[in-house]
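In: build me a structure from this.
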Amino acid sequence: TKMTDQEFAEILALGHEASSVEFKGPGPLSNRPLSAQVVRAVLGMANKRDGGRVIIGVEDVEGVLNPAGLNDQDLATWRYDNVADRLAVYADPSVSFELEVKEYNGNRHVVLTVEEFADIPVLCRRDYQRVLRNGACYVRSRRKPETSEIPTQADMRDLLDLATEKSLQKWITQAVRAGIIVFPTVSPPPTD
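Out: Numbering: from 1, shown residues only. The predicted structure is shown next:
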């Protein structure tokens, strides 16, 4: 869903990352370390219930967020097709996202709104230095707002619960299409 200017301003006014928002500094998509960090953040958001947003053009200067924005040249590199191509190299299965440009105090930022995975969790399918690891499953940690490989059993359980719900929804849809009637029922408690 599109983000309003007011929502964008409120996110920046918070002054820190949240579970569903991750900031990345300014630069072009061709900056490999930056784009690898963005890919990692997108993979983590795709494995989060309801997804999340990655905002590019906000630098962290000693714990203080500076919404510096992107200059014209850098902004021009962050086109939907270019980002989709970069994600396709690393994400398995693919990731669904929207790309918007938002302005704040005269500076322009790229907002990637990432949807939660469709069927199965998204894995990283290629290494990039120490940022991305082939086979890794990145999530947004419960403990603090950061993207990491699954750090705790609670984070793993959240991911498995989400995948299980999706499998069950898919089964119900297929059963209904096949003519099997599925009634939501609650069994009464046993009586003596």
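In: any idea how far the residue sitting nearest the centre point of the chain lies from D81?
Out: Nearest to the mean C-alpha position of the chain, by C-alpha atoms, centre = their mean, lies M45 at 2.0 Å. Distance of M45 to D81, given as C-beta to C-beta, to the nearest Å: 20 Å. For every residue, glycine as well, the C-beta is placed using N, CA and C.
In: same check on L70?
Out: Relative to D81, and taking C-beta to C-beta, L70 is found at 17 Å.
In: and what of N47?
Out: N47 is 24 Å from D81, by C-beta to C-beta.
In: okay, these two: which has more neighbours?
Out: Each of N47 and D81 has its neighbours counted (other C-beta atoms under 10 Å); N47 has more, 28 against 8.
In: mind pulling the model confidence for the more buried one?
Out: You'll see N47 listed with a pLDDT of 97.
In: mind listing what's buried along the longest helix seen in the chain?
Out: Scanning the chain for the helix with the most residues, using DSSP state H, yields helix 153-177. Within helix 153-177, the residues that count as buried by 16 or more other C-beta atoms under 10 Å are D155, D158, L159, L162, K166.
In: in the chain, what helix or strand scores lowest on average pLDDT?
Out: When the helices and strands of the chain are compared on mean pLDDT, DSSP states H and E, strand 59-61 comes out lowest with a mean of 85.
In: just checking: what are the partner strands of that strand?
Out: Strand pairing for strand 59-61, determined by DSSP bridges: strand 64-66 (antiparallel).
In: average pLDDT for the strand it pairs with?
Out: For strand 64-66, the mean confidence score works out to 88.
In: got a list of contacts for that strand?
Out: Residues from elsewhere that reach strand 64-66, judged by C-beta atoms under 8 Å, 6 or more residues apart in numbering: L12, G15, H16, F23, V58, E59, D60.
In: repeat the analysis, applying 7 Å as the threshold.
Out: Where contact means C-beta atoms under 7 Å, 6 or more residues apart in numbering, the residues beyond strand 64-66 that reach it are G15, H16, F23, V58, E59.
In: nearest to F97, of the residues you listed?
Out: Distance to F97, by C-beta to C-beta, is smallest for F23 among the contacts of strand 64-66, at 16.2 Å.
In: count the neighbours of the nearest residue to that closest one once chain neighbours are set aside for me.
Out: Leaving out its chain neighbours, the residue that sits closest to F23 by C-beta to C-beta, 6 or more residues apart in numbering is V58, at 3.9 Å. For V58, the tally of surrounding residues (other C-beta under 10 Å) stands at 22.
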